[in-house]
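A.B. asks: Everything below, folded, please.
(chains A and B, ligands or ions: 2)
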Amino acid sequence: MTTQMFGEPVARVEDDRLIRGKGRYTDDLAANTDALASAFLRSPHAHARIRDIDVSDALEVEGLVAIYTHDDLTGAMAEPLPLLIPHPGIVDGRTPHALAKDEVCHVGEAIAMVVARDRYVAEDAVERIRVQYDMLDPVVGIAESRDGSTYAHADMADNVAAHLVQESGDARAAVEAAPHTLELDLDIERSAGMPMEGKAVYAQWDGREETLRIYSSSQTSAGLRAAVAAKLELPLSKVQAVIPDVGGGFGTKIVHPWPEELMVSWAARTLGRDVRWAEDRREHFIASAHERGQLQRVRVGFDDEGRLLGLDVEFWHDNGAYLPYGIIIPIVTSTQLLGPYKPANYRVEFTSLYTNTVLVTPYRGAGRPQGVFAMERTLDAIADYLGKDRTVVREANFIQPDEMPYDHGLMFQDGRPLIYDSGDFPASMEKIKKLVGWDDFEDYREKARAEGRTVGIGLACYVEGTGVGPYEGGRIIVETSGKVRVATGLTSQGQGHETAFAQIVADQLGVPMDDVTVTTGDTRLIAYSVGTFASRGAVMSGNAVAAAALDVKEKALRVAADALEASPEDLELVDGEVRVKGDPSSSIRLGTIAVLANPLRYAFDEASKAATQFGGATDYNKPPVAEGDEPGLEGSGFYSPIRATFANGMHAVIVETDPETAEVNILRYCVVHDCGTLVNPTIVQGQVHGGVAQGVAGALFERMAYDDHGQLQNASFMDFLIPYASEIPKVEIDHLETPSPLNSLGIKGAGEAGVIPGAAVLASAISDAEGFAVTRMPISPSELYTLRRRFKAGEIPPLRPSSHPAKTGER
Amino acid sequence: MSDSEAREERHEAVLRVNGVAYPVTVPARRLLSDCLREDVGLTGTHVGCEHGVCGACTVLLDGEPARSCLTFALTAAKHEITTVEGLSDGEKLSPEQQGFKDCHGLQCGFCTPGFLTVATAFLRENPEPTEDEAREAIGGNLCRCTGYQNIVAAVMRAAELRREGEPTQ
Ligand code: FES
Ligand code: FES
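C.D. replies: Ligands and ions are numbered 1, 2, ... in the order given. Next comes the predicted model:
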């Protein structure tokens, strides 16, 4: 029997090459070739008009091949980049040009491209380009943008990119009528995905075939291909996109196309040479993408039990200088804010604002950390106000398992109704309380206090819409050797897709995993695809390759049935062969079926002899390939869900805060996680670990520090504090599996879960330790220190005011 | 072309990498990381920051970890260089590589060569580390994917493999 692979902690097949230094990252493919290198001149100013660009000095640099500015671009290349996800809520959707035209709107915006013998020379030339600017006032930060006295785009009359209201029930009336109300102002800062590999592009133009092949460190193959074809005005069939190994993406690499992907491709065609570009770290900071920055205002009305009667949320989202990815992030915030709860009435309004800072696109979690921050801070505030345990208030608001599927009456980010498919929130709560020792914490706090230590506990819950459509596909070819080649268009950034999909296919076809090879993100093998983001890989491509395997299986059984003179129902696929059930002696190998499935005129090897015209028994009343059939043992399948699946989880932490230095030390970090059935527990666990690390990073360390002029003050790893091993706690995990009813494998996505409640859970624990509410994240020791001083001075109210003024308690 | 060669002087050197001699002709400013990748063609050494913080570019110079993005190629010519490609003994993975494989110590794998070279040097010096020592040993390298937990486990596993008498490098 072939052992069942689905659900097993199978070791990853991609690891062998990666730990030998044989990875194939984009710039590795270009290294040691004669591809020309490129570098970009980027704006040093946050907002300015370009008056003149003088390249004469740069032309002197030996080894220089070409310098391009916007003036060199024509046709679609000269137009702004696409607005990828249009939405009726978008009021004024601005996107950048491949190279800036007239106006630059953030530091780092590409102005000119230099192509040269190597990167050193290209940078030499960049240094010598002189640009004259007319300075314009920059808009930096949400408050300034909202205030609207200066404009991030010179020709706009305000900074509003988009505005959207969604409501179910009448939240404002419900807040008014509620026995208790609270109001909270919250602030969550900008961070970024920061993959260890920056973006990289390598384009090859074949002048004879007039075809372009682009390798890119991207999260989408098909999207990139379509975008490049459109911009270069090439037929789609003349462009192929290949996404090799990618050194992390975390959302940052999803935008298609990046200006550099277009320019490198365009330069390759223009010069008739291979051209490459690899981003350096400073470029990545100032010219890729960030996320997270929001200001939030919550008004909530609740009863004596803490039940949410009315929840009225308004928030302002910083989308940076451009809006290529539309308003997915604030839509996600506004819907996923609801978490596992069911407020009786809910209203959310957001305004997405332009600022003269680098553009904002989804970063792992994509709007959810902010939404969870708003909701969980609110529930903590309610618990504190009522003097109730924080878990009790949450339990009072949970959607119950028997209410699933649960319809919130809103529209989700995939343009479909926000309906939760499954989940058991009370069971998760029980698990997390047990795991962290919630009920014993007061004893522990007393003991710690006696030792002069300050500790606090926090908890945060979330629901994550995963596996969004529209679709993903899979193709499978069984070779005559019996080896199985699987292709899916979705890419991999380290999530172990080669392994997870091989597990699924191996099971479906009854073959050993070693016989299955998976390729991701190559439009030469599969043209139709969407991409890797929003925890959709396992759900979408997992189910797609399963469907493709079923297709192959059906054909294999049909062909084998003919050969074995049995009926397909009596056959099974086991151990790489089709067998008559109950009669293992009557069997035929999968590779042989692949031979038989392809009627041949010529015998190329021993195996193929059997499939030639004179090779075996023939029914002369039928054509060699039956009508409606195709030669070969191949199959394909697509998975297109009616709507997203919803994974969920709860995190709990115990922190100790230093009485002197105000440093926050995480003593325990516990996770209960429900992503439906697990394809590979080891991979899922790894995803949770990595997510938690980014959540902790975003809560305690990482912040994009722009000054008033729009200069990013910490655009290096020296200054932007990505945590090392010394800062990241051990994670304790417990799983709950409520399979998704939306797909036959029962999978929900797991990629982002770990990061989502990071800011909320740490704010909760720090508040609990300190005795006052933390409403702004991330929090550094010096900020906590300042808050302590203000708290002592009576400027910040304590968590549990001894008596409440009747009806309203403002915080 | 000849003009520029005059402007930017090139120097000949021989780099000894993983026991093989590679003659290179490079300008003085050529970084070792670039030289290994571009001139020698060993792309296992990665560049994550080019300012000495992330550790992705770490190689061993005479057995000691060094940031190849902060080292000039010509300087390295005096030393025995080991890159990630030189850690395994042919088909057989080194204990460190095996440890990373066993413990899911990598996801995207981009940071991994740097961690492997650091771990190799560390375990040679301290074959029986505590978990805290292992965590500290890798504390100069950034990984954005794994949250480090499994990397620490991988180093501990590698120590165990070394003790079990796996061939050491
Ligand atoms: S690339 Fe050398 S330390 Fe980051
Ligand atoms: S495995 Fe991706 S950066 Fe470490």
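
A.B. asks: Span of stretch A:709-726 from start to end?
C.D. replies: Its start and end residues considered, stretch A:709-726 measures 34 Å (CA to CA, to the nearest Å).

A.B. asks: Report the secondary structure element holding A:Ala39.
C.D. replies: Taking DSSP states H and E as the definition, A:Ala39 sits inside strand A:36-42.

A.B. asks: Send me that strand as CSV with only the CA atoms.
C.D. replies: Only the C-alpha atoms of strand A:36-42 are listed here, as CSV (Å, rounded to 0.1, in the frame of the first residue of the first chain):
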residue,chain,number,x,y,z
LEU,A,36,23.3,43.8,-19.0
ALA,A,37,22.7,45.2,-15.5
SER,A,38,20.4,48.1,-14.7
ALA,A,39,20.0,50.6,-11.9
PHE,A,40,17.4,53.3,-11.3
LEU,A,41,17.7,57.0,-10.5
ARG,A,42,15.1,57.6,-7.8
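
A.B. asks: Partner strands of that strand and their direction?
C.D. replies: Strand partners for strand A:36-42, identified by DSSP bridges, are recorded as strand A:110-116 (antiparallel), strand A:275-278 (parallel).

A.B. asks: Run through who's touching that strand.
C.D. replies: Strand A:36-42 is contacted from outside by A:65, A:107-119, A:121-123, A:125-126, A:129, A:131, A:260, A:263-264, A:267, A:271, A:273-277, A:283, A:286-287, using CB atoms under 8 Å, 6 or more residues apart in numbering or on different chains. C-beta here means a position set from N, CA and C on the backbone, and glycine is covered the same way.

A.B. asks: In chain B, where is pLDDT below threshold?
C.D. replies: B:1-7, B:166-169 (pLDDT under 70).

A.B. asks: What segments of it are strands?
C.D. replies: In chain B, the strands defined using DSSP state E lie at B:10-17, B:20-27, B:58-61, B:64-67, B:80-82.

A.B. asks: and the helix-or-strand element of chain A with minimal mean pLDDT, which residues are buried?
C.D. replies: For chain A, using mean pLDDT, DSSP states H and E, the weakest element among its helices and strands is strand A:583-589, scoring a mean of 86. Across strand A:583-589, burial judged by 16 or more other CB atoms under 10 Å in any protein chain shown covers A:Ser587, A:Ile588, A:Arg589.

A.B. asks: helices or strands next to that strand in the packing?
C.D. replies: helix A:537-564, strand A:577-580 (3 or more CB pairs under 8 Å, 6 or more residues apart in numbering or on different chains; DSSP states H and E).

A.B. asks: For A:Asn159, give me its contacts.
C.D. replies: By CB under 8 Å, 6+ apart, A:Asn159 lies in contact with A:Val139, A:Ser145, A:Arg146, A:Gly148, A:Tyr151, A:Ala152, A:Leu353, A:Tyr354, A:Thr355.

A.B. asks: I misspoke; the intended subject was A:Leu784.
C.D. replies: A:Thr657, A:Ala662, A:Val664, A:Ile766, A:Glu770, A:Val774.

A.B. asks: Could you verify that it is part of a strand?
C.D. replies: No: per DSSP: H, G, I helix; E, B strand; the rest coil, A:Leu784 lies outside any strand segment and is helix.

A.B. asks: Per-residue confidence at it, what does it come out as?
C.D. replies: Note on A:Leu784: pLDDT of 97.

A.B. asks: Could you measure from it over to A:Leu762?
C.D. replies: Per CB to CB, to the nearest Å, A:Leu784 is found 11 Å from A:Leu762.

A.B. asks: any common contacting residues for those two?
C.D. replies: Between them, A:Leu784 and A:Leu762 share these contacting residues under CB under 8 Å, 6+ apart: A:Val664.

A.B. asks: can stretch A:517-537 be found next to chain B?
C.D. replies: No: using CB under 8 Å from any CB of the partner chain, stretch A:517-537 stays clear of chain B, with a minimum separation of 11.8 Å.

A.B. asks: How about the secondary structure of A:Glu376?
C.D. replies: Here A:Glu376 is recorded as helix under three-state DSSP.

A.B. asks: Assess the claim that it and A:Ala759 are in contact.
C.D. replies: No: counting by CB atoms under 8 Å, A:Glu376 does not reach A:Ala759; the two are 9.0 Å apart.

A.B. asks: Specify which residue of those two has the higher count of neighbours.
C.D. replies: A:Ala759 (32 against 27; other CB atoms under 10 Å in any protein chain shown).

A.B. asks: which one is the more buried one nearest to, not counting chain neighbours?
C.D. replies: Closest residue to A:Ala759 apart from its sequence neighbours, by CB to CB, 6 or more residues apart in numbering or on different chains: A:Met777 at 4.1 Å.
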